[in-house]
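Visitor: Please work out how this folds:
(2 chains)
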Amino acid sequence: MSDPVKTSLLTLDARTKKRNAAETRFRMYGLAAIGAGLAMLVLLLVTIFGNGLGAFQQTFVTLNVPLLESKLDKKGERDLAKIKKVSTFGYAQLLSQAMEDALAENGIDSDLKAKKQAALLSKSAAADLRNFVISNTDKIGETVEFTFLANSRVDGYLKNRVTRESIADDKSINAEQLDLVDELVAAGVIKKRFNISFITGADASDQRPEAAGMGVAMMGSFFMMLVVLALALPIGVAASIYLEEFAPKNWITDIIEVNISNLAAVPSIVFGILGLAVFINYMHLPQSAPLVGGLVLTLMTLPTIIISTRASLKSVPPSIRDAALGVGASKMQSVFHHVLPLAAPGILTGTIIGLAQALGETAPLLLIGMIGFIASNAPDSVASGLLDPNSAMPAQIYEWAKRADPAFYERAWGGIIILLAFLITMNTIAVLLRRRFERRW
Amino acid sequence: MKENAMDNIKISAKNVQVYYADNHAIKDVNVEIEDKTVTAFIGPSGCGKSTFLRCLNRMNDTIDICRVEGDILIEGEDIYDRRVDPVQLRAKVGMVFQKPNPFPKSIYDNVAYGPRIHGLARGKADLDEIVEKSLRSAAIWDEVKDRLDAPGTGLSGGQQQRLCIARAVATAPEVLLMDEPCSALDPIATAQVEELIDELRQNFAVVIVTHSMQQAARVSQKTAFFHLGNLVEYGETNQIFTKPSDPRTESYITGRIG
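Guide: The predicted structure is shown next:
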């Protein structure tokens, strides 16, 4: 041993310097990792909202439509059966008339043919008007102010998605029509405003992206979640309580435990094909039905719920079980009176997270056909219950994303915003419930 | 002071063996525990005193790998008989644990829980009376009577332990088992609980496991010394601490093994 070198606390020795440098480097890595994560999140949100917010706004055309008795009800009998015989072609003429009136009223000259002028309206305009007349026959003969959806090209033009350059190869709109749009916008006939029917409405065909909405798919998702909640929660909680509190610890329960953990990692599409094989092909449950979708998602959610429930049961201190048994409670009394209430916040959180996962799941739904095209909303819609064909929010988003018209692309992003809103709401509820229950003592 | 009558025997253990899987934790223990007496189990850590205590109300049943052989009779009835329901047994043999473990419920509900599940009260007034009596006999009534709705977990450690004693007393047990009831308490709380144990002796057979020899000497009339799973010596507390007959007991109480 050499003589100890006299060291000062005021100067750092080489080892300390090295250690401090390593610590500083590690902090930097950590900060960089978090920074990268946050940057991704911001990028994601900016992209989603940048692309999707437009879907909540829609361009509308307000016209005064003369509901001519001579066209709609020649004999003036107001006989619904006869009124219904007038097809959308008959109404299209009224629309052209209304458009011409609007141009004249605002002093706009246009060389366009009436048909081209009316093409600024959505292809659903005539049908919308017809539906209105059929349910309001007393209005026949009057002139009614009516707000129609604008064609998706017009909508795109107002949202800068469609430009004068981009329509060069577009047969559905031309530059003169855009000139007319400019003039109508100046006159206040064409306006862009919030569109509630994107949230509540039904899907629409390829030709009418402006009319498509999430409403029906939302109902489909809602029905599926009901099924998942009604099945996965009781089954999952009962299974976990049995496994955690009552089951003997032997190789059979070990195998069950390993398998539950493995099931949680099984790709969701496997559950989809299982659902297709078992629920539809073997049990002959209807295709595209929320019941089947719910069953498949239940299978998928069960492992999540079981794992989180077991974890929260495990986290209840054993002293509470001892205390209950010590005063002569039975096993079941100790579980239901003492352990379960303490584990409840964890179970709730796990369940809601599981539900949120199920809500966003797409792949298994594609396999069991939960991408029904439902063009009308309840109560007329075929999609009104657990056994009727329906779609689901993520499946609807996927469906829109693969359609050709860029207007649907915008709606897919908008749909993602709605889906995210649901997920954030569910997670918030999970957090609030947990806080509420934990604060009790 | 001590009536030396055979019918004063509350618990009688004969040739008790306990195994944890392959580990022989209790080796052929024979002991007779008297009623209205405090019996202390002492011994170094891991000597099996807590294990033996937990046999007396079959708390070891909850441990899968634990196996008990031999007979444990309470007033002549074998508690390991197939006809005995451990739940019913535990109402008769109350237990207080090492760490105070009140339920995360109100003070009132903590005490009322046992009587409720055993149907001991015939109404609200009856239950109120049981709760008050139990809290009084645990010497905590005056401290909590104004806040029976407050959470039991909000009390101090010593109060919590006395609440747990009240909870155990509330089911009107005949035997009270205490597994190191003071090891998590400060000296003042310990003194209170010890005083309480002495009072509880009026009504119950009390069996207490303790690490503290002073405590055993203070509260108990009988002492059993366990070592490596054997019951080495059992007798009057005075005699064990002054004239131990076994050299191992002497080594332990003089601090040479532990």
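Visitor: Show me what from chain B comes close to chain A.
Guide: Within chain B, the positions adjacent to chain A are B:57, B:59, B:62, B:64, B:87-92, B:94-97, B:99, B:101-105, B:113-114, B:117-118, B:151, B:153-154, B:164, B:167-168, B:170-171 by C-beta under 8 Å from any C-beta of the partner chain. C-beta: built from backbone N, CA, C; applies to glycine.
Visitor: and these, which are buried?
Guide: Burial by neighbour count, 16 or more other C-beta atoms under 10 Å in any protein chain shown: within those this picks out B:57, B:59, B:87, B:89-92, B:94-97, B:99, B:101-105, B:113-114, B:117-118, B:151, B:153, B:164, B:167-168, B:170-171.
Visitor: about what we covered before: mind checking which of the residues of chain B next to chain A land in helices?
Guide: B:87-92, B:113-114, B:117-118, B:164, B:167-168, B:170 (DSSP state H).
Visitor: hmm, which two among these are most spread apart?
Guide: B:88 and B:164 (20.8 Å; C-beta to C-beta).
Visitor: Neighbours of the residue nearest to residue B:74 when sequence neighbours are not counted, how many?
Guide: Excluding its sequence neighbours, the residue lying closest to residue B:74 (C-beta to C-beta, 6 or more residues apart in numbering or on different chains) is residue B:11, at 5.4 Å. When neighbours are counted by other C-beta atoms under 10 Å in any protein chain shown, residue B:11 registers 22.
Visitor: quick one: residue B:11 is in a strand?
Guide: Yes. Counting by DSSP: H, G, I helix; E, B strand; the rest coil, residue B:11 is found in a strand.
Visitor: Report the distance from the helix or strand containing residue A:129 to the chain centre.
Guide: In this structure, residue A:129 is located in helix A:125-135 according to DSSP states H and E. Centre-to-centre, helix A:125-135 and its host chain are 29 Å apart (C-alpha atoms, centre = their mean, to the nearest Å).
Visitor: From chain B, how far out is residue A:248?
Guide: Applying C-beta to the nearest C-beta, to the nearest Å, the value for residue A:248 to chain B is 6 Å.
Visitor: For that residue, pull up the helix or strand it's in.
Guide: Secondary structure (DSSP H and E) places residue A:248 outside all helices and strands.
Visitor: Any stretches of the stretch 1-150 of chain B with poor pLDDT?
Guide: B:1-7 (pLDDT under 70).
Visitor: can you pull out the helices in it?
Guide: Using DSSP state H, counting those that start in this stretch, the helices of the stretch 1-150 of chain B run over B:49-55, B:86-92, B:107-118, B:124-137, B:141-144.
Visitor: mind listing what residue A:257 touches?
Guide: Counting by C-beta atoms under 8 Å, 6 or more residues apart in numbering or on different chains, residue A:257 makes contact with residue A:243.
Visitor: quick one: the residue nearest to residue B:74 and residue B:77 touch, right?
Guide: No. Applying C-beta atoms under 8 Å, one finds residue B:11 not in contact with residue B:77, separated by 10.5 Å.
Visitor: Pull the number of nearby residues for the residue in the stretch 151-300 of chain A that chain B sits nearest to.
Guide: Across the stretch 151-300 of chain A, the shortest distance to chain B (C-beta to the nearest C-beta) belongs to residue A:249, at 5.6 Å. Close neighbours of residue A:249, defined as other C-beta under 10 Å, add up to 11.
Visitor: For it, which non-adjacent residue is spatially closest?
Guide: Nearest one to residue A:249, counting by C-beta to C-beta, 6+ apart, is residue B:64 at 5.6 Å.
Visitor: Could you report the distance from the one you found to residue A:437?
Guide: Using C-beta to C-beta, to the nearest Å, one gets 31 Å for the distance from residue B:64 to residue A:437.
Visitor: go on, residue A:36?
Guide: Separation of residue A:36 from residue A:437 (C-beta to C-beta) stands at 35 Å.
Visitor: so the closest residue to residue A:391 other than its chain neighbours is in which element?
Guide: Counting by C-beta to C-beta, 6+ apart, residue A:391 lies nearest to residue A:217, which is 4.3 Å off, once chain neighbours are set aside. Using DSSP H and E, residue A:217 sits within helix A:215-241.
Visitor: quick one, the following helix or strand past that helix and helix A:215-241 angle?
Guide: Remark: after helix A:215-241, the chain's next helix or strand is helix A:251-264, criterion DSSP H and E. Helix A:251-264 and helix A:215-241 are oriented at 160 degrees to each other (axes from the mean of the first three to the mean of the last three C-alpha atoms, to 10 degrees).
Visitor: for the record, mean pLDDT for helix A:251-264?
Guide: Helix A:251-264 carries an average pLDDT of 92.
Visitor: does any bit of stretch A:230-242 sit next to chain B?
Guide: No. Judged by C-beta under 8 Å from any C-beta, stretch A:230-242 makes no contact with chain B; its nearest approach is 15.2 Å.
Visitor: I'd guessed the residue nearest to residue A:391 sits against residue A:400; true?
Guide: No. Taking contacts as C-beta under 8 Å, residue A:217 lies outside contact range of residue A:400: 9.8 Å.
Visitor: So for these two, which residue has more residues nearby?
Guide: More crowded of residue A:217 and residue A:400, by other C-beta under 10 Å: residue A:217, with 29 against 25.
Visitor: how about the more buried one, what does it touch?
Guide: Listed by C-beta under 8 Å, 6+ apart, the contact set of residue A:217 reads A:203, A:390, A:391, A:392, A:393, A:395, A:396, A:415.
Visitor: quick one: which of these is nearest to chain B?
Guide: residue A:393 (39.5 Å).
Visitor: just to revisit the earlier point, buried ones in the next helix or strand after the helix holding residue A:129?
Guide: Where DSSP H and E defines the elements, the next helix or strand beyond helix A:125-135 is strand A:143-149. For strand A:143-149, a neighbour-count test (16+ other C-beta under 10 Å) marks A:144, A:146, A:148, A:149 as buried.
Visitor: for stretch A:74-90, same thing?
Guide: A:83, A:86.
Visitor: Go ahead and name everything in contact with it.
Guide: Outside stretch A:74-90, the residues within contact range by C-beta under 8 Å, 6+ apart are A:69, A:71, A:72, A:73, A:126, A:127, A:130, A:133, A:134, A:137, A:138, A:140.
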